[in-house]
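Participant: Build me a model:
(2 chains)
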Amino acid sequence: MIIEIAKKEMRDAFRNKLFLSILAMLLVLTGVSIVLGSCQVKAAMDNYNNSISFLQSLGKAQLPPMPNLNPISASKGFVNYIGMIGALLAIVLGNTSISKEHKNGTLRLILSRGVFRDTFLNGKLLGNLSILAGITVLTGIITFVSLIAIGGAALTASEVARMLLFFGMSFLYMTFFTVLSMGIATVSTKGSRALLITVIVWLVLSFVLPQIGDTMDMDNQIPGGFFSTMGMSRDQEHQVLQKFKFYETLRDGVEEMSPTKHYERISYALLNVKPGFETNTPWEVVGLKWINLLGLLAPSVAIWLLTYIAFLRRENIYQSN
Amino acid sequence: MNRIRNAMLVLSVLALMLVSSVSTVFAADASGTEFLTGCNLTLGESKAVALFIRNDDAAPHVYKLTTEGSANSYELYFSSNGAAIKNVTVPAGTSSQVDVNITLNGNVSVIEDKLSVKAVRDDGKENVINLSIMINKDYALSVKSMLDKIDILSGKSGEFTFSVTNNGSKDLNNIKIKPELPYKWVVSQGAETTMNLKPGETGTATMKIDVPSSQAAGNFTASFTAASDETSSIQVSIPATVKTSSNIAYWAIGILVLIAAFTVFQFKRHGRR
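Facilitator: All right, here's what the predicted structure looks like:
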């Protein structure tokens, strides 16, 4: 039964115009960003090859080694697009899957046919996750093909593994918002209200909390940096920082509440956008950044379990909206 | 006759004083043949020797600058107006100043060293200047870390232990470890600890460093220098890997288990509906 519900969910999603418009937007933006990134990689490769040819024409025997072009960082723009449009797509997908059944009155019909409530939710989730997985795989294929065909980059096994893990994180990030959206739609009696609440929660989690964390950073209080503007030495800076340990923990706590921040941190580390992870294997990066992986996984699981409880105990399902 | 001799003695002393008061770094002209100039260095010290490259030709020329022939290991680069360069273009009939920046790193194999600076003109004409470098081993300080790398949990402290050796021939006083740390890392203990070392003596110093809880996990580098009143050592860099405390995982897993248990309880109480 779960599979049947999931299949129907997937068919319905591709009839949803709002979902298709956001999906088209995401794919176009992803395509543009990956193609531009690949072109940058190609330009860097061409520059290097031209320099080598020139040096060889001068008869130089000692040639400079190839610089680390880091072709996988071409997906940096993709992180931002998934952070915004991917999350919106996931919200629309999750909300529609529950609210359409309320609106059309089919929820009562399905549940009256001997389908357990948890089976119904699991089927919906499976369908939505399959769609998200499909989108992730599609964008992954676009990225790999662009990097090889346009960028002319030969990816190493480690880079391929990093990219695959990065797309895995993108999937988990979108999953969180689908689960959140389904949860709120299950609790709320009105689909439009549920969508509005989910979008507000998304804005708070993705923009307000990271912004608060950033604004609360002591060194961001004055443009140009608080410490340098005040003319403080490194020792004085340390003395000030020692007095604000609790404040710093609080500031960090606010930032840690944002799944977007977790997604950004682990993605930038995997894509080598953030320096310091070049020598690590992909699994070592995940090992170091496990807190971010947990920050993406744990809230989804917790919200899903709470959704079960809310749906199980809901008594007004058979009332019309 | 005696008066003349005394006057000459006074004059020669004055000349000596004048020479010693001027910087030990002299300017050299690359357009000349061979010119020997002096530079005194201690271990870890950096000095800039100014060279003037004169182009007496009627056309402007590019000079490629290289160095060779030194016995000790130096960190060397050329600069002009503060910017690092490898070539310099000198307009016709003018001179351009180029600084040779020398830092003495590693072990000293000879006290009196020589360094040849070559300025090869674009038409192949070559000028060589031999610089004599005197190594001052009165004050020499070296610092070594007891650890090759360190793992620290974010929000916790890491202990760095160093062995500091006086490699010079004179006493070194008020030796301190000076850290260069990533942003928001703070020295909680050992910043003010000082020691005095006699020639050949080795001491240990420990420094406790607090990593803020906001520090995201990753690989960082903490650099340290031992500095006394007289000299300072070469910087030693220690790779530091910051990891996240497992306590957060226990909390997260605990909360998840609680929610899961509550869900199971609800299912048992109300059944599958």
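Participant: On the pLDDT front, check the residue in the stretch 151-273 of chain B that chain A sits nearest to for me.
Facilitator: Nearest residue of the stretch 151-273 of chain B to chain A: residue B:214, at 3.6 Å (Cβ to the nearest Cβ). All C-beta atoms are positioned from the backbone trio N, CA, C, and that covers glycine. pLDDT, residue B:214: 81.
Participant: next one: phi and psi at it?
Facilitator: Main-chain torsions, residue B:214, degrees, to the nearest 10: phi -80, psi -10.
Participant: Could you do residue A:29 as well?
Facilitator: Dihedral pair for residue A:29: phi -60, psi -40, per degrees, to the nearest 10.
Participant: Burial check on the nearest residue to residue A:20 once chain neighbours are set aside, number of neighbours?
Facilitator: Nearest residue to residue A:20 in three dimensions, chain neighbours excluded: residue A:14, at 6.8 Å (Cβ to Cβ, 6 or more residues apart in numbering or on different chains). For residue A:14, the neighbour count with other Cβ atoms under 10 Å in any protein chain shown is 10.
Participant: Could you measure from residue A:14 over to chain B?
Facilitator: Noted for residue A:14: a distance of 30 Å to chain B, by Cβ to the nearest Cβ, to the nearest Å.
Participant: Who's the closest spatial neighbour of the closest residue to chain B within the stretch 1-150 of chain A, skipping the chain neighbours?
Facilitator: Taking Cβ to the nearest Cβ, chain B has its nearest neighbour within the stretch 1-150 of chain A at residue A:116, 4.6 Å off. Closest residue in space to residue A:116, ignoring its immediate chain neighbours: residue B:272 at 4.6 Å, by Cβ to Cβ, 6+ apart.
Participant: in what helix or strand does the one you found lie?
Facilitator: Using DSSP states H and E, residue B:272 is not contained in any helix or strand.
Participant: Now do the same contact list for it.
Facilitator: Contact partners of residue B:272, counting by Cβ atoms under 8 Å, 6 or more residues apart in numbering or on different chains, are A:116-118.
Participant: redo that, cut-off 10 Å
Facilitator: Residues near residue B:272 by Cβ atoms under 10 Å, 6 or more residues apart in numbering or on different chains: A:116-119, A:312.
Participant: what's the pLDDT at it?
Facilitator: On the pLDDT scale, residue B:272 is placed at 72.
Participant: mind checking the SS state of the residue lying closest to residue B:118 once chain neighbours are set aside?
Facilitator: For residue B:118, ignoring the flanking residues on the chain, the nearest one in space by Cβ to Cβ, 6+ apart is residue B:66 at 4.8 Å. At residue B:66 the chain is in strand, as set by DSSP: H, G, I helix; E, B strand; the rest coil.
Participant: tell me, how many neighbours does residue B:66 end up with?
Facilitator: A count of neighbours around residue B:66, defined by other Cβ under 10 Å, yields 13.
Participant: show me where the stretch 51-200 of chain A has helices.
Facilitator: In the stretch 51-200 of chain A, the helices defined using DSSP state H, counting those that start in this stretch lie at A:76-81, A:87-104, A:106-111, A:117-149, A:157-187, A:191-203.
Participant: any idea how far residue A:290 is from chain B?
Facilitator: 7 Å.
Participant: what residues are up against the nearest residue to that residue once chain neighbours are set aside?
Facilitator: Using Cβ to Cβ, 6+ apart and skipping the chain neighbours, the partner closest in space to residue A:290 is residue B:244 (6.8 Å). For residue B:244, the contacting residues are A:288-292, A:294, B:153-155, B:213, B:215-217, by Cβ under 10 Å, 6+ apart.
Participant: Just give me the neighbour total for residue 241.
Facilitator: All of this refers to chain A. Residues near residue A:241, counting by other Cβ under 10 Å: 20.
Participant: oops, I was thinking of chain B
Facilitator: 16.
Participant: Then the one 10 residues further on?
Facilitator: Residue B:251 has 11 neighbours, counted by other Cβ under 10 Å.
Participant: pLDDT value on it, please?
Facilitator: Residue B:251 is assigned 87 on the pLDDT scale.
Participant: what about it, helix or strand, and which?
Facilitator: Using DSSP H and E, residue B:251 sits within helix B:246-270.
Participant: surely the residue nearest to residue B:118 meets residue B:78?
Facilitator: Yes - at 9.0 Å, residue B:66 counts as touching residue B:78 under the criterion of Cβ atoms under 10 Å.
Participant: what touches both of the two?
Facilitator: B:86, B:117, B:119.
Participant: picking up where we left off before, check contacts around the residue nearest to residue A:20.
Facilitator: Taking Cβ under 10 Å, 6+ apart, we find residue A:14 in contact with A:20, A:23, A:131.
Participant: Buried subset of those as a PyMOL selection?
Facilitator: Remark: buried members of those, expressed as a PyMOL selection using 16 or more other Cβ atoms under 10 Å in any protein chain shown:
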select buried, chain A and resi 23+131
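Participant: how near is the residue nearest to residue B:118 to chain A?
Facilitator: Here residue B:66 is placed at a distance of 13 Å from chain A (Cβ to the nearest Cβ).
Participant: which residues does that residue contact?
Facilitator: By Cβ under 10 Å, 6+ apart, the residues touching residue B:66 are B:76, B:78, B:86, B:116-120, B:128.
Participant: roughly how far apart are the residue lying farthest from the centre of chain B and residue A:111?
Facilitator: Within chain B, the residue lying farthest from the chain centre (Cα atoms, centre = their mean) is residue B:273, at 72.1 Å. Residue B:273 is 8 Å from residue A:111, where distance means Cβ to Cβ, to the nearest Å.
Participant: In a strand, residue B:196, correct?
Facilitator: Yes - in this structure, residue B:196 lies within a strand as judged by three-state DSSP.
Participant: Give me the number of neighbouring residues for it.
Facilitator: Counted with other Cβ under 10 Å, residue B:196 comes out at 14.
Participant: so what pLDDT did it get?
Facilitator: As predicted, residue B:196 sits at a pLDDT of 91.
Participant: Can you tell me the closest non-neighbouring residue to it?
Facilitator: The nearest residue in space to residue B:196 (Cβ to Cβ, 6+ apart) is residue B:173, at 4.9 Å.
Participant: what's the helix or strand that contains residue A:19 packed up against?
Facilitator: In the assignment (DSSP H and E), residue A:19 maps to helix A:17-57. When contacts are defined as 3 or more Cβ pairs under 10 Å, 6 or more residues apart in numbering or on different chains; DSSP states H and E, helix A:17-57 packs onto helix A:2-13, helix A:76-81, helix A:87-104, helix A:117-149.
Participant: about what we covered before: and of the contacts of residue B:272, the nearest to residue A:274?
Facilitator: Nearest to residue A:274 among these is residue A:118, at 40.3 Å by Cβ to Cβ.
Participant: and the least confident of the contacts of residue B:244?
Facilitator: Within the contacts of residue B:244, lowest confidence goes to residue B:213 (81).
Participant: quick one: contacts for that one?
Facilitator: Contacts for residue B:213 (Cβ under 10 Å, 6+ apart) come out as A:245-246, A:248-253, A:256, B:153-156, B:184, B:244-245, B:248.
Participant: and what of residue B:242?
Facilitator: Contacts for residue B:242 (Cβ under 10 Å, 6+ apart) come out as A:276, A:288, B:150-156, B:158, B:182, B:185, B:211-212, B:215-220.
Participant: Many thanks, have a good one.
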